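Novice: quick one, fold the following:
(one chain, ligands or ions: 2)
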Amino acid sequence: MAPDARTQKLIIASNRLPLSVKRKDGTYEAIPSSGGLVTALKGLKYSDYLWLGWPGVDIDERDRGSVDKALAKENAAAVYLDENLAQSHYNGFSNGVLWPTLHYQSEVLFDNETWEAYQRVNKIFADRISEEAADGDLIWVHDYHLLLLPGLLRERLHAQNKRCPIGYFLHTPFPADDFWRGLPFQKQMLDGVLGSDLVGFHTDEYKANFSSACGTHLGAEVEGGKIHYNGRIISIDKYVVGIECQRFANTIDHPEVQARIQELETQHKGKTIIIGVDRMDYTKGLPEKLEGFRVFLEQHPEWREKVVLIQIAIPSREDVKKYQDLEGEVSKLVGQITGKYATPIWTPLLYIHRSVSFAELTALYSVSDVCLLTSRRDGMNLVASEYVACQEARHGVLVLSEFTGAATFMQQGSLLFNPSNANGLSDALYDALTMEKEDRKKMHEELRSFVTTNTSSKWTETFVGELKKLQK
Ligand code: ADP
Ligand code: G6P
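Specialist: Ligands and ions are numbered 1, 2, ... in the order given. Predicted coordinates:
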């Protein structure tokens, strides 16, 4: 059957699935995954799709049936990987080498074994997807765990005579060449991504950095939104990712969430709440946030006993040493600030180092007057959008690191600062806390218009729409 005579199935490939499987008391449980990639895809409305990814742990064959069933409810299916292989691919190469490089961090732990595992996992995904794909299906690959996959897929699909447009989206920054070129095997990874027909980034800056790397290292010709490489033309563009605002509005309206909002307001009566929500990741600048908050309390004693920072740090990548070290550093700083400034009737910060439910997260966003996000680098940062979506009544202020992708789009309505400068952070916080009502409203409206226009459904529709046009 000709591809256009049937509905094209959409195959999504990412390392993380919408559900992550964890081991608990000798059995397994599937819980909603956290992170921007999963949030970005929440608005997908494609009628026929399958989402393939790693379930999060190795699962005994006899237990796979129940996992498969739970995933199937989310249109998802597992690419099972043995424990050592997954460990080397995920913790080793993806999070030990690629993640820091893409975020301009210089401590990179490269070794050949993890690179082998990275290639192996990309091949396993390629084999699985080429089996699943029928001629004419659309394929959308996500993020840095699967940089080689588009190229591997192209070879396999070609050999099977299947014409499937391949899209690729990177959810992190793509760094300037001085950083990127230091990565061993970087050419293979660029070549892998260029196996796609369409490549997407969060911002023009990341797109330009990638294009320039392809020109410099692969001799590709870049012309506007097209890359000419190996006799093929690859489209490249920025696609502004977002959230589903309605999901937040509906949750806020829920009577239980309203009750929780009232309860939190009563508990913190007379205090101004600053909220922070981040995965426990060194790219999020949590030590910088705490240091900036400490300087703020020092410089503005009049705010002591009047302000509280509620920081949620969602546990993340806990098997990686750098993440374990960060957890220790953050706990220590929290202890120091509390020890120095707390009084018998007040604690300056509430530190929650665990995952909270969506309803609780929505309630916390709603009762906060300021949202403080201090990333050293961040591909986009969807927490910024989520905060805005919950602030229709309060018009809270977004205090945002200039090194987030979100700052590119939200600078008009937020207070930007450089997180390495604790004094600058403290000043931005002070400006936010003392801002006039009218100004808060204006800034909120600016942000709201961005967040409600650039939704997750628009992002998915636009990207998949472009991919469809590339069907040959
Ligand atoms: P990153 O992708 O680096 O983690 P983002 O800010 O873009 O950064 O995305 C984080 C996402 O994780 C947000 O959508 C946030 O709501 C979500 N999140 C936070 N806490 C939880 C949780 N307990 N369960 C599921 N998702 C969560
Ligand atoms: C970032 C990455 C995603 C990842 C998420 C959560 O958003 O770009 O690919 O899924 O962090 O991290 P995790 O390691 O738990 O998948």
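
Novice: would you mind measuring from whichever residue of the chain sits closest to ligand 1 to ligand 2?
Specialist: At 2.6 Å from ligand 1, Gly36 is the closest residue in the chain, using C-beta to the nearest ligand atom. For the C-beta atoms, the positions are set from N, CA and C on the backbone; glycine is no exception. Distance, Gly36 to ligand 2, using C-beta to the nearest ligand atom, to the nearest Å: 4 Å.

Novice: that residue: what's it in contact with?
Specialist: His171, Val241, Gly379, Met380, Asn381, Leu382 (C-beta atoms under 8 Å, 6 or more residues apart in numbering).

Novice: which of those tops the neighbour count?
Specialist: The most crowded member of the contacts of Gly36, judged by other C-beta atoms under 10 Å, is Val241 (30 neighbours).

Novice: I'd say it and Asn381 touch.
Specialist: No: in this structure, Val241 is not within contact of Asn381 by C-beta atoms under 8 Å, at 10.0 Å.

Novice: residues near the residue of the chain found nearest ligand 2, how many?
Specialist: Distance from ligand 2 to each residue of the chain (C-beta to the nearest ligand atom) is smallest for Gly35, at 2.6 Å. Neighbours of Gly35 under the rule other C-beta under 10 Å: 17.

Novice: which residues does it contact?
Specialist: Applying C-beta under 8 Å, 6+ apart to Gly35 gives the contacts Arg16, Arg279, Ser316.

Novice: keep only the contacts of Gly36 that also lie close to ligand 2.
Specialist: Among the contacts of Gly36, the ones lying near ligand 2 by C-beta under 6 Å from any ligand atom are His171.

Novice: is stretch 297-311 up against ligand 1 anywhere?
Specialist: No: for stretch 297-311, no contact with ligand 1 is found by C-beta under 6 Å from any ligand atom; the gap never falls below 12.2 Å.

Novice: and the nearest residue to Phe210 once chain neighbours are set aside, which of the three is it?
Specialist: Taking C-beta to C-beta, 6 or more residues apart in numbering, and ignoring the residues beside it in sequence, Phe210 has Phe174 as its nearest neighbour in space, at 4.5 Å. Secondary structure state of Phe174, per DSSP: H, G, I helix; E, B strand; the rest coil, is coil.

Novice: need the contact list for Phe174.
Specialist: Leu102, Trp180, Phe201, Tyr206, Lys207, Asn209, Phe210, Ala213.

Novice: check which helix or strand covers the closest residue to Glu318 other than its chain neighbours.
Specialist: Spatial nearest neighbour of Glu318, excluding adjacent residues (C-beta to C-beta, 6+ apart): Gln324 at 6.7 Å. According to DSSP states H and E, Gln324 maps onto helix 321-341.

Novice: show me what secondary structure element comes after that helix.
Specialist: Going down the chain from helix 321-341, the next helix or strand is strand 349-352, by DSSP H and E.

Novice: roughly how far out does the helix or strand that comes right after that next one sit from the chain middle?
Specialist: Later in the chain than strand 349-352, the nearest helix or strand by DSSP H and E is helix 358-367. Taking C-alpha atoms, centre = their mean, to the nearest Å, one finds helix 358-367 lying 19 Å from the centre of the chain it belongs to.

Novice: what's the answer for stretch 138-153, then?
Specialist: Taking mean C-alpha positions (C-alpha atoms, centre = their mean), stretch 138-153 and its chain are 17 Å apart.

Novice: hmm, that stretch in reach of ligand 1?
Specialist: No: between stretch 138-153 and ligand 1, judged by C-beta under 6 Å from any ligand atom, nothing touches; the nearest distance is 9.7 Å.

Novice: okay, that stretch in CSV with CA atoms only?
Specialist: What follows is stretch 138-153, C-alpha atoms only, in CSV (Å, rounded to 0.1, in the frame of the first residue of the first chain):
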residue,chain,number,x,y,z
LEU,A,138,7.1,8.8,10.8
ILE,A,139,10.0,8.5,13.3
TRP,A,140,10.9,11.1,15.9
VAL,A,141,14.1,10.6,18.0
HIS,A,142,14.7,12.6,21.1
ASP,A,143,17.7,13.8,23.0
TYR,A,144,21.4,13.2,23.7
HIS,A,145,21.1,9.5,24.6
LEU,A,146,20.4,8.6,21.0
LEU,A,147,22.6,10.9,18.9
LEU,A,148,23.7,8.0,16.6
LEU,A,149,20.2,6.6,16.1
PRO,A,150,19.1,8.6,13.1
GLY,A,151,22.1,7.5,11.0
LEU,A,152,21.8,3.9,12.1
LEU,A,153,18.1,3.9,11.3
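
Novice: who in this protein is up against ligand 2?
Specialist: Counting by C-beta under 6 Å from any ligand atom, the residues of the chain near ligand 2 are Arg16, Gly35, Gly36, Leu37, Asp143, His171, Thr172, Ser316, Arg317.

Novice: verify the contact between the last one and Tyr323 for me.
Specialist: Yep, that's Arg317 we're talking about. Yes: applying C-beta under 8 Å as the test, Arg317 and Tyr323 come out as touching, 4.8 Å apart.

Novice: find residues that contact each of the two.
Specialist: Asp281.

Novice: Thr452 contacts Cys245, correct?
Specialist: Yes: Thr452 is in contact with Cys245 according to C-beta under 8 Å; the separation is 5.5 Å.

Novice: ok so, going back, from the residues of the chain next to ligand 2, which ones fall inside helices?
Specialist: Gly36, Leu37 (DSSP state H).

Novice: return the member of the residues of the chain next to ligand 2 nearest to Gly195.
Specialist: Using C-beta to C-beta, Asp143 is the member of those that sits closest to Gly195, with 15.3 Å.

Novice: list the contacts for that closest one?
Specialist: With C-beta under 8 Å, 6+ apart, Asp143 has these contacts: Ser14, Asn15, Leu37, Phe169, Leu170, His171, Thr172.

Novice: and the fourth one, what is it in contact with?
Specialist: Same thing as Phe169. Trp140, Val141, His142, Asp143, Val199, Gly200, Phe201, Tyr239, Phe463.
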